[in-house]
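Undergrad: Sequence and computational prediction follow.
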Amino acid sequence: MQTLGLIAVIVVALGFAYTNGFHDSANAIATSVSTRALTPRVALVMAGIMNLVGAYVGLQLGGGVTKSIVKGIIGTPARGTSGLVVVFALLAGAIVWNLITWYFGLPSSSSHALIGGMVGVGLAAGLSVHWNGVWSKVVLPMLISPVVGFLLTFAVMIGILWAFRRGRPGPVTRGFRMAQTVSAAGMALGHGIQDAQKTMGVVMLALIAGGHATDSSAVPWWVLLSAALSISLGTYAGGWRIMRTLGRRIIELDPPRGFAAETVASLVLYFTAFIYPAPVSTTHIITGSIMGAGATKRRNAVRWGVAKNIVYAWCMTIPAAALCGALVYEVAHLIFS
């Protein structure tokens, strides 16, 4: 029975990875599609492949984000059915919030939905919540990363405008469309490095609860492959509602601004994967970067009303997912206890 429960929880974890992929695929490709640097289908295929590569690269270069999920947010679930219920509930809470925000086209964070689910279930199940880790690895990066993305992209875009101030618009636009192929690939790679590791971390929590691993065990190859494939397939499925919000509703992007936003967002993702390991939100970073790129046009080029609604969704994600996770835990605990 416990083995069946473990398999079921792992399937749900891979389902979360799939929703993460179609929910967050817009992060990597919305700017390239909106500027017509890439066709939607080509962009999705490229993003899916780069997510797969990123998952492997992230784990081989330390797996810091996976470790943050396994050890940094809540106490280790107990072995047995009760621990599997904990992991199932935190995943269910994250999936529910992902689907709600996808339906309304809001680019909220799958990462923070997962962490909110962990916190809510941790509190409901009486597990220790590592509040220092939540603050330093989640809340602080959540506050800082979009601001960093905004400011750096604004500065990079000013530099681009100055460097190409005498260039002819046609050749400059074509050149930056080509450059966006590289920057979009870099963004997708960073997304795979970050988000696939989060799924690996949750699968490891399930294996710990099922008695097949400890919190210091290495990630098995099949966990890496299944998490990477799930997020890549989800990316290929596309997240068209969110793509429209990021690519068109915040600001009408042109290729130079798309390139600047993607390049800065990629660099921030690499920094938080390898230098300061933290499960940051790809969504927050690219959205802040897009706003920074748009602000170099003129103040009202950014649709601040849309941006305000996005920020509201950001603020709601952790508590809403925590509530969803806690409710699922209470129901599942009654059924399986």
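TA: Yes, it's here. All values reported here derive from a predicted model rather than from experimental measurement. Residues are numbered from 1 along each chain as shown.

Undergrad: Contacts only, for Tyr236.
TA: For Tyr236, the contact set (CB atoms under 8 Å, 6 or more residues apart in numbering) comprises Gly21, Ser25, Leu44, Val45, Ala47, Gly48. C-betas here are computed from N, CA, C, even on glycine.

Undergrad: list the buried ones in stretch 134-145?
TA: Across stretch 134-145, burial judged by 16 or more other CB atoms under 10 Å covers Val134, Lys137, Val138, Pro141, Met142, Ile144, Ser145.

Undergrad: swap that for stretch 37-49, sorry
TA: Within stretch 37-49, the residues scored as buried using 16+ other CB under 10 Å are Ala37, Leu38, Ala43, Leu44, Val45, Met46, Ala47, Gly48, Ile49.

Undergrad: Report the contact partners of the last one.
TA: Okay, so that is Ile49. Contact partners of Ile49, counting by CB under 8 Å, 6+ apart, are Ala188, Ser232.

Undergrad: That one: which element?
TA: Using DSSP states H and E, Ile49 falls within helix 40-60.

Undergrad: Tell me which helix or strand comes right after that helix.
TA: Sequence order places helix 64-71 as the next helix or strand after helix 40-60, per DSSP H and E.

Undergrad: which residues sit against that following helix?
TA: By CB under 8 Å, 6+ apart, helix 64-71 touches 58-59, 76, 114, 118, 133, 137, 193-194, 197-198, 200-202, 204-205, 208, 215, 219, 273-274, 277-279.

Undergrad: Out of these, which sit inside helices?
TA: The helices in this structure, assigned by DSSP state H, contain 58-59, 114, 118, 133, 193-194, 197-198, 200-202, 204-205, 208 from the contacts of helix 64-71.

Undergrad: Please, a ChimeraX command that selects the buried ones among these?
TA: The following ChimeraX line selects those of the ones in helices among the contacts of helix 64-71 that are buried, judged by 16+ other CB under 10 Å:
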select :58,59,114,118,133,193,194,197,198,200,201,202,204,205,208
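
Undergrad: List just the nearest of the ones in helices among the contacts of helix 64-71 to Gly294.
TA: For the ones in helices among the contacts of helix 64-71, the residue nearest Gly294 by CB to CB is Gln194; the value is 23.9 Å.

Undergrad: rewinding a little: widest-spaced pair of the ones in helices among the contacts of helix 64-71?
TA: Farthest apart among the ones in helices among the contacts of helix 64-71 by CB to CB are Ile193 and Ile208. That separation is 23.0 Å.

Undergrad: ok so, going back, Leu84: which of the buried residues of stretch 37-49 is nearest?
TA: Closest approach to Leu84 among the buried residues of stretch 37-49 (CB to CB): Gly48, at 29.8 Å.

Undergrad: hmm, back to that, out of the buried residues of stretch 134-145, flag the one nearest to Ala313.
TA: Lowest distance from Ala313 to the buried residues of stretch 134-145 (CB to CB) belongs to Met142, with 12.3 Å.

Undergrad: So that closest one lies in a helix, does it not?
TA: Yes. According to DSSP: H, G, I helix; E, B strand; the rest coil, Met142 belongs to a helix.

Undergrad: from memory it sits against Thr283, does it?
TA: No. With contact defined as CB atoms under 8 Å, Met142 does not reach Thr283; the gap is 10.4 Å.

Undergrad: Poorly predicted segments of the stretch 51-200 of the chain, please.
TA: 61-65, 105-107 (pLDDT under 70).

Undergrad: 90 instead?
TA: 51-84, 93-115, 125-147, 165-174, 177-178, 180-200 (pLDDT under 90).

Undergrad: For the stretch 201-337 of the chain, which segments are assigned as helices?
TA: Here the stretch 201-337 of the chain has its helices, by DSSP state H, counting those that start in this stretch, at 221-237, 240-244, 255-270, 282-295, 304-336.

Undergrad: Other residues contacting whichever helix or strand Pro146 is part of?
TA: Using DSSP H and E, Pro146 sits in helix 140-163. By CB under 8 Å, 6+ apart, the surrounding residues in contact with helix 140-163 are 109, 112, 256-257, 259-261, 263-265, 267-268, 272, 278, 280-281, 284-293, 295-296, 314.

Undergrad: Please repeat the previous calculation with a cut-off of 6 Å.
TA: With CB atoms under 6 Å, 6 or more residues apart in numbering as the test, helix 140-163 has contacts from 256, 260-261, 264-265, 268, 278, 280, 284-285, 288-289, 291-293, 295-296.

Undergrad: before we move on, could you check phi and psi at Ile74?
TA: Phi and psi for Ile74, reported as degrees, to the nearest 10, are phi -130, psi 170.

Undergrad: how close does it sit to Gly234?
TA: Here the criterion is CB to CB, to the nearest Å. By it, Ile74 lies 25 Å from Gly234.

Undergrad: Count residues in the vicinity of Gln60, would you?
TA: Using other CB atoms under 10 Å, Gln60 has 9 neighbouring residues.

Undergrad: scratch that, Gly126
TA: 7.

Undergrad: next one: Thr214
TA: Using other CB under 10 Å, Thr214 has 11 neighbouring residues.

Undergrad: Next, give phi and psi for it.
TA: With angles defined as degrees, to the nearest 10, Thr214 sits at phi -120, psi 170.

Undergrad: Nearest spatial neighbour of it, chain-adjacent residues omitted?
TA: Distances taken as CB to CB, 6 or more residues apart in numbering place Ile208 nearest to Thr214, at 6.3 Å, with adjacent residues excluded.
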